[in-house]
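In: Coordinates only, no sequence provided:
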Ligand code: SF4
């Protein structure tokens, strides 16, 4: 790794002084409770700070302790997580809480090494929790830190790969201030979030500009170097908001890509370039779900992202549906009719929730008939209603 000669102590002092004066006043920075720090760090992975600001206090209000989280049902945890995305995090958090209560007396382990033994605990989360909650001198490396270090050193290789990746970790460890590891890690991430941004970094306001090789070369935005191959995969799909007496049909399990395991979603079907969305929606409702349908309205279109996929969703409203989901799909996934006012209490992925709000938002006054029992056909998960 190319290094411009600079004083490491001066670097640490400058960075921490800047952090002390400029850090955002985020709620989770006011606690050193390991459980609360842990929840915040899990939420912060791949999620905007503004969303975590909204979800973190609400989640802790619902599950104020590790024990409360461990005792909760997975459905309740997923419902509280609903809208944050990347639901695997919520499932792992819940599983890890149960392990801690069962085998570790309900205490969060103090070292990154021990934390790594828990379900779903990656290198980033372990280092963040251990350094912030317990003061362990272990460096955090997230996308912000990678960008800052790649620019500081003008790293001549793609830092997501092989030797360059190891070089970034080693540099993060070398620079870490062991006297304030939690603050130092947060300062590096904060610098990447506020100053050393992906586009148009504010080098004139950067506390460590004096040691930055990329700036010296006049090309901060040229780093990190990307070797490409991060292509987005475009997908199309149809979803159906099937309404019956003020209730919406939800299904669980069987997404063809394994997404949203444990959550309740709208019935959906993938769409090829040549498929007619309305015809696929009709076929999904009538042929696959085995429902009668008075009218099919829409579509409304929306896009959302899941990992490297960008999905264009065409959503239809199926009014006046009837029948009992006895089509092929009914035999392979769970079904449930949920009264619209009760949807807030169900774990539903954000794109599906938005589709329901858009297409069925005006239906809330239509109370479900008390004579209609909820239909829930149990069956093995892991099959798509579209297959
Ligand atoms: S000087 Fe500019 S490119 Fe270098 S670390 Fe600071 S903000 Fe990033």
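Out: Yep, it's here. These figures come from a predicted structure and were not determined experimentally.
In: Can you name the residues of the stretch 51-200 of the chain sitting close to the ligand?
Out: Taking Cβ under 6 Å from any ligand atom as the contact definition, the stretch 51-200 of the chain meets the ligand at 148, 151, 152, 195, 196. All C-beta spots, glycine's among them, are computed from the backbone N, C-alpha and C.
In: So is the helix or strand harbouring residue 215 next to the ligand?
Out: Element membership for residue 215 (DSSP states H and E) is helix 213-216. Yes - applying Cβ under 6 Å from any ligand atom, one finds helix 213-216 touching the ligand at 214, 215.
In: Check which helices and strands that helix sits against.
Out: Here helix 213-216 touches helix 143-152, going by 3 or more Cβ pairs under 8 Å, 6 or more residues apart in numbering; DSSP states H and E.
In: next helix or strand past the helix it packs on?
Out: Past helix 143-152, the next helix or strand by DSSP H and E is helix 162-175.
In: Pull the number of nearby residues for the closest residue to residue 82 other than its chain neighbours.
Out: Nearest residue to residue 82 in three dimensions, chain neighbours excluded: residue 347, at 4.8 Å (Cβ to Cβ, 6 or more residues apart in numbering). Per other Cβ atoms under 10 Å, the neighbour tally for residue 347 reads 24.
In: pretty sure residue 347 is touching residue 252, no?
Out: No - judged on Cβ atoms under 8 Å, residue 347 makes no contact with residue 252 at a distance of 9.3 Å.
In: Overlap in contacts, the two.
Out: 262, 263, 264 (Cβ atoms under 8 Å, 6 or more residues apart in numbering).
In: could you pull out the helices for this protein?
Out: 8-22, 34-44, 49-62, 66-71, 74-81, 88-103, 112-115, 123-134, 143-152, 162-175, 181-194, 213-216, 277-282, 350-360 (DSSP state H).
In: Rounded mean pLDDT for stretch 133-146, please.
Out: Averaging pLDDT along stretch 133-146 gives 95.
In: oh sorry, the question was meant for stretch 272-289
Out: Rounded mean pLDDT across stretch 272-289 is 84.
In: Run the chain-centre distance for it.
Out: 29 Å (Cα atoms, centre = their mean, to the nearest Å).
In: With stretch 99-106 instead?
Out: Distance of stretch 99-106 from its chain centroid, counting by Cα atoms, centre = their mean, is 25 Å.
In: can you check stretch 48-55 too?
Out: Here the centre of stretch 48-55 is set off from its chain's centre by 11 Å, with Cα atoms, centre = their mean.
In: How about stretch 43-50?
Out: 7 Å.
In: distance between the ends of that stretch?
Out: Length of stretch 43-50, first residue to last, Cα to Cα, to the nearest Å: 11 Å.
In: buried set for it?
Out: 43, 44 (16 or more other Cβ atoms under 10 Å).
In: now what about it, what contacts it?
Out: In contact with stretch 43-50 (Cβ under 8 Å, 6+ apart) are residues 24, 26, 51-52, 55-56, 59, 84-86, 89, 122, 124-125, 193.
In: Now for those: which two are most distant?
Out: 24 and 122 (23.7 Å; Cβ to Cβ).
In: ok, the two, which is more surrounded?
Out: residue 122 (14 against 11).
In: Please list all residues in contact with that one.
Out: When contacts are taken as Cβ under 8 Å, 6+ apart, residue 122 is in contact with residue 45.
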